[in-house]
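[1] give the three-dimensional model of this entry:
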Amino acid sequence: MRLSVEDRVEEKFVETLIIETGMELEEIDSLKNEEDIAPSIELINKKIEAQTAEEAFVTEDILEFYFLKECWVSVENEFEKLVYKLAGEETSLEVRSKGPFKVIVGNAKNANLIFNGIVIDLLESSNRENNVSCVVLPSGKCSEFPRSK
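    So this is what the prediction gives:
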């Protein structure tokens, strides 16, 4: 038998009450009205807010590279050089870390970059003479990025 949406929401609510408050099922069943339930809902909401704030603090950015031909790639954040290598033809690379990032790609016309789901046009920041692209993500100029230590 398939549960209705309301039943599934109620089931999830009861499960959350048990986990977050330590209440027993019998205690939850004894709650008769919204006034009885309000303190439990408030506790759950505070825990959810704290968890959301914590997740926002530790969330990583994702850089996805796709290389059509060999490309030299360097990625650094404020604290360290994350990648410094020659990427092979028809390969990909994923970097997960906290930004901002300075990204340098040699042979940029043969590379694609996606930053947190957004396609970055490497040719827009590419030196047309040597085909090297330098971008700072999420925004900025390469000259403004602090040098790695």
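[2] after the lowest-mean-pLDDT helix or strand in the chain, next one along is what?
    When the helices and strands of the chain are compared on mean pLDDT, DSSP states H and E, helix 34-58 comes out lowest with a mean of 61. Next along the chain after helix 34-58, taking DSSP states H and E as the criterion, comes strand 61-67.
[3] list the buried residues in that next one.
    Neighbour-count burial for strand 61-67, counted by 16 or more other CB atoms under 10 Å, picks out Asp61, Leu63, Glu64, Phe65, Phe67. (Glycine included, C-beta is placed from N, CA and C.)
[4] distance to Phe79 added to those, as CSV?
    Output for the buried residues of strand 61-67, formatted as CSV (distance: CB to CB, whole Å):
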residue, distance to Phe79
Asp61, 14
Leu63, 16
Glu64, 21
Phe65, 20
Phe67, 25
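[5] for those residues, which one is nearest Lys98?
    Nearest to Lys98, judged by CB to CB, of the buried residues of strand 61-67 is Asp61 at 6.4 Å.
[6] could you find the closest non-adjacent residue to the closest one?
    The shortest distance from Asp61 to any non-neighbouring residue, by CB to CB, 6 or more residues apart in numbering, is to Gly99 (4.5 Å).
[7] I'd assumed Leu137 was in contact with that neighbour.
    Yes - between Gly99 and Leu137 there is a contact under CB atoms under 8 Å: 5.9 Å.
[8] tell me, what's touching these two both at once?
    Asp61 (CB atoms under 8 Å, 6 or more residues apart in numbering).
[9] the strands in the chain, which residues?
    61-67, 71-76, 81-87, 91-97, 101-106, 111-115, 118-120, 126-127, 132-137 (DSSP state E).
[10] tell me who's in contact with Cys134.
    Here Cys134 is in contact with Lys102, Val103, Ile104, Ser125, Cys142 (CB under 8 Å, 6+ apart).
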